[in-house]
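[1] Predicted coordinates and the sequence they were generated for:
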Amino acid sequence: MNDFNRNRFVEFGLRFYILLSFAFVFAPIAASFVFSFNSDRFPSIPLGTFSTEWYVAVATDPLVWEGLRNTLFVGLFVAVVSTILGFGAAYTDFRYRFSGKSAYLALALLPPTIPVVILGLAMLAFLSRINLSGQSISVIIAHIVICAPFAMAITRLRLSQMDPDLEAAAWNLGASEWSAMRHVIIPFASPAIFGALFITMAVSFDEFAVAWFVSGLNETLPVKVLGFLQGQVSPRINVIGTFVFVISMTLVIFAQLLLTGRTMDARAASDD
Amino acid sequence: MRRSISLYGLTFSLPMLIWQLVFFVAPLVFLIALSFWTVKNFKMEPDFDTVNWVTMYGRSVFWQSYGLTLALATAAAVITSILAFPCSFAIAFKLSPKYRQWAIFLMVIPFFTSYLVRVYSWQIFLSDNGIINGLFAQVGMGPFPLLNTVFATMIGYLTLTFPLVVLLQLFSLIFIDRTLIEAAHNLRCGRIRTVFAVVIPSARVGLVIAALFCFILSFGDFVSPVYLGGGDPTTLSILITDTTKSGQQWPRAAVIALTMIATLLAVAFAAVGFAYKGRTK
């Protein structure tokens, strides 16, 4: 049907351009992986020999473990709270119409569009005013502000595929609002809820700027990486980078499988 | 569906509202107050003094940074949009639905994987004895200074924004009515002309929004200008981190931050106005 652009050369060129784009996007991730196993201290080609010495160096560094512990602690907390807040806001949008709704939605979706340096400064100034800066809780608070909108967007997308009459049907059959929530809404939204948990954890896991501003001594792993970057070149960053990539990619891939998989089911079902 | 306020409804709607009012709106509003505070003997004191505004706006360094940041972010928005368009166009029109889903799947991944480490990784490519100069050396050329240049900063901005811009462009391209394109084709409109006369105008909203997001992200980013651009000349984001991290000059940093927010709001309104211009919806 799409027969403008039949020219072979153009067809090939465009497809090649897609590959080139992906090469650009994934090159740094691949390079980090390759050079984490390289014996040379200073990355250059030709490569040195295969070596796991940098992995050993990282694994035996107590600072890295401390950062990782902070990151995981913060990430889990942030994921759970953000998902709850995001679900509530998405459900509010799905179910209710009220004046000021667009302001409510803006508030629930805007934070990730504010540059992180500005958010970081504002959080630092505000949290230190109420004696909450320089702790893990400061990072958690700030990350929930950034992550809850992602959870909201994901859940909202899922709920928008739901027939609003389903909930009403449950009420008519005698279910209370709460049990309709438990037996109709939550089961339907569950792929999005898990997807939101994974995505928000990935976002928190990678967020370094706001965390850098507010964390004080309780640095998360990405903040430690920022510290390493300010020092000298070290293949250790590649090791940590590879580790971080593997974790966040796993989380994001899981989330995507959950979300798109069920969406396709729904589409297939509605096509019948 | 319209119901009066109930405990049930509030349980779901209030937590987000309260959290974002207390920890998002309040800090930003506090930033305004902070910009009028004074610093005496390395301690901040609540005050209502315009000294920070006068000092910052009186410095030529500040305006140089402002101009530079604006220029860099604008360049990033234009360059990224142009480089991303053939990619999103090809994914939208040249791939089967199955491969298109795969492409979207792959483009979402980098958006959520550490930008910081990816920037570090670009140093491996761009440094004087890095991969690219290593390849040049094999054929007897170089080394070319790539790191600590505007070029490197742009690579960093592209790393940050390219996947997002492709996705946003893609979502507007997918929803173009394909019969429009066929009509153009039947009317013997050439290939390139169809892109400029039919595809781009139909997808205008998405294209402008994508460029806007690229602008916002590049405008506020401090990682690329520092670790790829070498930190010199200074962008506003570098100015904020330096001012904040080196002592108690937070009120001055607040002035910079508020100026940035005002600029972003102006740009966002202009862009959205342009995107929806002539639309009645």
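    Looks like it arrived, so ask away. Being a predicted model, the structure only gives us computed values, none of them experimental.
[2] C-alpha only now, for contacts and for neighbours.
    Will do.
[3] Does residue B:44 lie in a helix or a strand, and which?
    Element membership for residue B:44 (DSSP states H and E) is strand B:43-45.
[4] burial measure for whichever residue of the stretch 1-150 of chain A sits closest to chain B, as a count.
    Residue nearest to chain B within the stretch 1-150 of chain A (C-alpha to the nearest C-alpha): residue A:88, separated by 4.1 Å. Using other C-alpha atoms under 10 Å in any protein chain shown, residue A:88 has 25 neighbouring residues.
[5] Also residue A:225?
    23.
[6] Any regions of the stretch 51-200 of chain B where pLDDT drops low?
    Judged by pLDDT under 70, the stretch 51-200 of chain B has no weakly predicted residues.
[7] Run through the residues of it sitting next to chain A.
    Residues of the stretch 51-200 of chain B lying close to chain A (C-alpha under 8 Å from any C-alpha of the partner chain) are B:86-87, B:90-91, B:93-94, B:105, B:107, B:109-110, B:112-122, B:124, B:129-131, B:134-135, B:159, B:162-163, B:178, B:181-182, B:185, B:191.
[8] What are the buried residues along the helix ranked longest in chain A?
    Scanning chain A for the helix with the most residues, using DSSP state H, yields helix A:235-271. Residues of helix A:235-271 classed as buried: A:235-245, A:247-249, A:251-253, A:255-256, A:258-260, A:262 (neighbour count, 16 or more other C-alpha atoms under 10 Å in any protein chain shown).
[9] coming back round to it: need the nearest residue in space to the residue of the stretch 1-150 of chain A closest to chain B, chain neighbours excluded.
    In this structure, residue A:88 finds its nearest non-sequential neighbour in residue B:12, 4.1 Å apart by C-alpha to C-alpha, 6 or more residues apart in numbering or on different chains.
[10] so who does residue B:80 touch?
    B:158, B:161, B:162, B:165, B:211, B:214 (C-alpha atoms under 8 Å, 6 or more residues apart in numbering or on different chains).
[11] at 7 Å instead, please
    By C-alpha atoms under 7 Å, 6 or more residues apart in numbering or on different chains, residue B:80 lies in contact with B:158, B:162.
[12] Look at it and give its secondary structure.
    Under DSSP: H, G, I helix; E, B strand; the rest coil, residue B:80 falls in the helix class.
[13] ok, now residue B:39?
    strand.
[14] And the contacts of stretch B:34-46?
    With contact meaning C-alpha under 7 Å, 6+ apart, stretch B:34-46 is reached by B:47, B:48, B:49, B:50, B:52, B:248, B:251, B:252, B:254, B:255.
[15] Now, those that are in helices?
    By the criterion of DSSP H, membership of these in helices covers B:52, B:251, B:252, B:254, B:255.
[16] Just give me the closest of those residues to residue A:53.
    Using C-alpha to C-alpha, residue B:254 is the member of those that sits closest to residue A:53, with 44.5 Å.
[17] State the number of residues packed around the closest one.
    Applying other C-alpha under 10 Å, we find 29 residues neighbouring residue B:254.
[18] same question, residue B:19
    By other C-alpha under 10 Å, the residues close to residue B:19 number 18.
[19] What of residue B:165?
    Neighbours of residue B:165 under the rule other C-alpha under 10 Å: 28.
[20] Which other helices and strands does the helix or strand where it lies contact?
    In this structure, residue B:165 sits in helix B:150-174 according to DSSP H and E. In terms of contacts (3 or more C-alpha pairs under 7 Å, 6 or more residues apart in numbering or on different chains; DSSP states H and E), helix B:150-174 is packed against helix B:60-94, helix B:97-111, helix B:204-220, helix B:223-227.
[21] sorry, back to before: show the average pLDDT along the strand holding residue B:44.
    In this model, strand B:43-45 carries a mean pLDDT of 78.
[22] Each with direction, which strands does it pair with?
    strand B:38-40 (antiparallel) (DSSP bridges).
[23] Contacts only, for the residue nearest to the spatial centre of chain A.
    Nearest to the mean C-alpha position of chain A, by C-alpha atoms, centre = their mean, lies residue A:203 at 3.0 Å. If you count contacts by C-alpha under 7 Å, 6+ apart, residue A:203 has them with A:147, B:112.
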